[in-house]
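Novice: fold the following for me, if possible:
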Amino acid sequence: MKLVFLEIKADLRNLLKPDSIIKNYSEVDSFYFSIPTRLSISDQNHLIKQSFLFFKSQFSVDIENHISIVNKREIGTKLKVAKELSWEIFFRFNRWIRVCDGIFDEDLDWFISGFSGKIIDFYSDDKNSVFLIAFSGDSITKIPLNHIQATINNISPFYTFLEPELIMPDIGPENLNVDEKKRIGIMLELTNFKNLSTFEKIESFSGLLKFWEDQFKANLVNPAEVRINSSDQSIYKLKDIPYFDERFGVWGTLISDIKMVDIPMMEIQEVTNNKFLSDLIMEYQKTMPLLLPN
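Specialist: As a prediction, this is how the structure comes out:
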């Protein structure tokens, strides 16, 4: 097995950046990443590159001469005193990843090998972890639009769930704005809005959610009576539209005699006293299952 190995001495440790992870290991002078042999050569080379980038990012000076690619068997006793860094230190919220070779997405009916994306949520228990990935615009454009249209069935094509062994750290798109324009362009193509001209100036998913937030706010002059999507059939008053996020969409503030709670607008089942708002929510709920994570 190949390792990307870093050796540092006291003078180099003094040049660590203030937020360097290596500062957490003051008694350790050697660090390494393992490059799994199960991966394709292309993926192994990608991890080697990411290892170099990570180590170099920890210092305020160029340290490339202190980094080497070695075989595990070659370094002997050095390995016993070195600290192995896990690839999962990269897998945090809003961090970019790349999908390993040979990965097929059954919902998309498409190989997603090499696709890039951003971690927007994760789930774990004592044994397993899984990450919710939002694909980059560049990745989504690799799938023909007619194929996406033929395969979607209330499952958003813009996201997937992947285990940590199926992903690698990545640096993300070179131009985030350009990539997001590609992504929102496909979103609008897939969505049958009543007036597409309204959306000509929307250049991001957050911009689309902001549009819906503004529409709801404009039509919530007085609190609306609503029922929510649950076994509780009580009447609540929709008082406010406080915010939106890219995980659950636009949120509303509900009040009753005993509590106040924020819920996603996707969970409102019925509006009883505001026909225009009711129609607006229905249009939103018909549109967003393709655009929000399921």
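Novice: how far does stretch 240-259 sit from its chain's centre?
Specialist: 22 Å (Cα atoms, centre = their mean, to the nearest Å).
Novice: could you give the bridge partners of the residue lying closest to W251 once chain neighbours are set aside?
Specialist: Spatially, and ignoring its direct neighbours in sequence, W251 is nearest to D262 (5.0 Å; Cβ to Cβ, 6 or more residues apart in numbering). Placement of C-beta: from N, CA and C, glycine included. For D262, the beta-bridge partners are T253 (DSSP bridges).
Novice: and D262, what does it touch?
Specialist: D262 makes contact with 242, 251-254, according to Cβ atoms under 8 Å, 6 or more residues apart in numbering.
Novice: pull out the buried members of those.
Specialist: The neighbour-count test (16 or more other Cβ atoms under 10 Å) applied to these identifies 251-254 as buried.
Novice: can I get those in JSON lines with distance to I202 and pLDDT?
Specialist: Converted to JSON lines, the buried ones among the contacts of D262 look like this (distance: Cβ to Cβ, whole Å; pLDDT from 0 to 100):
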{"residue": "W251", "distance to I202": "20", "pLDDT": "98"}
{"residue": "G252", "distance to I202": "21", "pLDDT": "97"}
{"residue": "T253", "distance to I202": "25", "pLDDT": "96"}
{"residue": "L254", "distance to I202": "28", "pLDDT": "95"}
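Novice: which one of the residues you listed is nearest L290?
Specialist: Closest to L290 out of the buried ones among the contacts of D262 is W251 (19.3 Å), distances taken as Cβ to Cβ.
Novice: I figured that closest one hits D240, correct?
Specialist: No. If you go by Cβ atoms under 8 Å, W251 and D240 don't touch, sitting 9.3 Å apart.
Novice: just give me the neighbour total for N222.
Specialist: By other Cβ atoms under 10 Å, 10 other residues sit near N222.
Novice: next: S124.
Specialist: Quick note: S124 (other Cβ under 10 Å) scores 10 neighbours.
Novice: and it, what does it touch?
Specialist: V130.
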